[in-house]
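Visitor: I would like the atomic coordinates for the input below:
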Amino acid sequence: PGTWTCGDMSDGSTGHTDDSPSLLTSILRASSASGSSRGLAPKLKASLDLLLLGLRPDEEYAEAGKELDRLAASVPKSSCGRGFQKGDVIWKCKTCAIGDDTCVVCQECFQDADHTGHDVSFYISRATDGGCCDCGDESAWDRKGFCSRHGRSHSSSEALAALPPPLASTAPPLFDTILSEVVRATASGASSSRDPADPRLVAAAVDWIEKRCGSFDGLAVLAAQALCGPICLPAGTPSAPPPAPAAPASGGAQGGFGAS
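Guide: Take a look at the predicted model:
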């Protein structure tokens, strides 16, 4: 139990990227077959990064996240939102910050902005999860201190056009599969359904969507489209029971308006 690795497909799939929904479904259900999901969430997210790049889920997964971070840094977006890790340089600017001392920007955004004559300082992050960059966020940072890549509002079509290939084609089936598993896991009687996905891995997959949508505005558009579209569930998924009829009001008329 718990020995699943990237690319360990219980149904014998070969790992072709044009079949990413079935690959993802196999990954999400792998821990249910083994009886444990301990330590699998990071590997799941790594495999999702590979599938998003159109690669096999058994490649060296550490490089996929780095490649997506590199691509994210090259496209314009409304705000940076880069999460700080241990060892990152974090900049404060009392001239630009709106609010308290938690309003900060990353090294790249600071260097790409004009802070001439500003009251600035920096520190090195000592935490593995040390907040995020506020560049582009008008509620936290003055527009005059934005870098050249952040702070400009753009339409959904512009956000989609800025997505680097192949994300625009690989993301929709991944999002659809994850959302289908969310509905399947929460449907009435799902605990007794055939080959259920581990709910902790489904939650990790949703967390992955949130993280990647924070890196690419175009992915946020695709995620919104997936949420608003129809959810295709596997055959045999139990449906939620119909809502119970409302109880009649006690001591009052039973026929609605005008009843006597």
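Visitor: got a list of contacts for the helix or strand hosting Leu219?
Guide: With elements delineated by DSSP states H and E, Leu219 resides in helix 217-228, which encompasses its position. Helix 217-228 has contacts (CB atoms under 8 Å, 6 or more residues apart in numbering) with 75, 77-78, 154, 156, 159-163, 167-168, 171-172, 175-176, 179, 209, 212-214. Every C-beta, even on glycine, is put in place using the N, C-alpha and C of the backbone.
Visitor: just checking, which of those residues belong to helices?
Guide: Applying DSSP state H to the contacts of helix 217-228, the entries found in helices are 156, 159-161, 167-168, 171-172, 175-176, 179, 209, 212-214.
Visitor: Type out the PyMOL command that picks the buried ones from those.
Guide: Selecting the buried subset of the ones in helices among the contacts of helix 217-228 in PyMOL, with 16 or more other CB atoms under 10 Å as the burial test, is done by:
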select buried, resi 159+160+167+168+171+172+175+176+179+209+212+213+214
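Visitor: in stretch 114-130, what's buried?
Guide: Neighbour-count burial for stretch 114-130, with 16+ other CB under 10 Å as criterion, is recorded at 115, 118, 120, 125, 130.
Visitor: Could you do stretch 202-210 as well?
Guide: For stretch 202-210, a neighbour-count test (16+ other CB under 10 Å) marks 202, 204-205, 208-209 as buried.
Visitor: okay if I get those residues as a markdown table plus distance to Leu51 and pLDDT?
Guide: Supplementary listing: the buried residues of stretch 202-210 in a markdown table, determined by distance: CB to CB, whole Å; pLDDT from 0 to 100:
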| residue | distance to Leu51 | pLDDT |
| --- | --- | --- |
| Val202 | 16 | 89 |
| Ala204 | 14 | 91 |
| Ala205 | 11 | 93 |
| Trp208 | 10 | 94 |
| Ile209 | 12 | 95 |
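Visitor: wait, which of the residues you listed is closest to Lys43?
Guide: Sorting the buried residues of stretch 202-210 by how near they are to Lys43, with CB to CB, puts Ala204 at the top with 9.6 Å.
Visitor: give me every residue that touches that closest one.
Guide: Ala204 makes contact with 41, 44-45, according to CB under 8 Å, 6+ apart.
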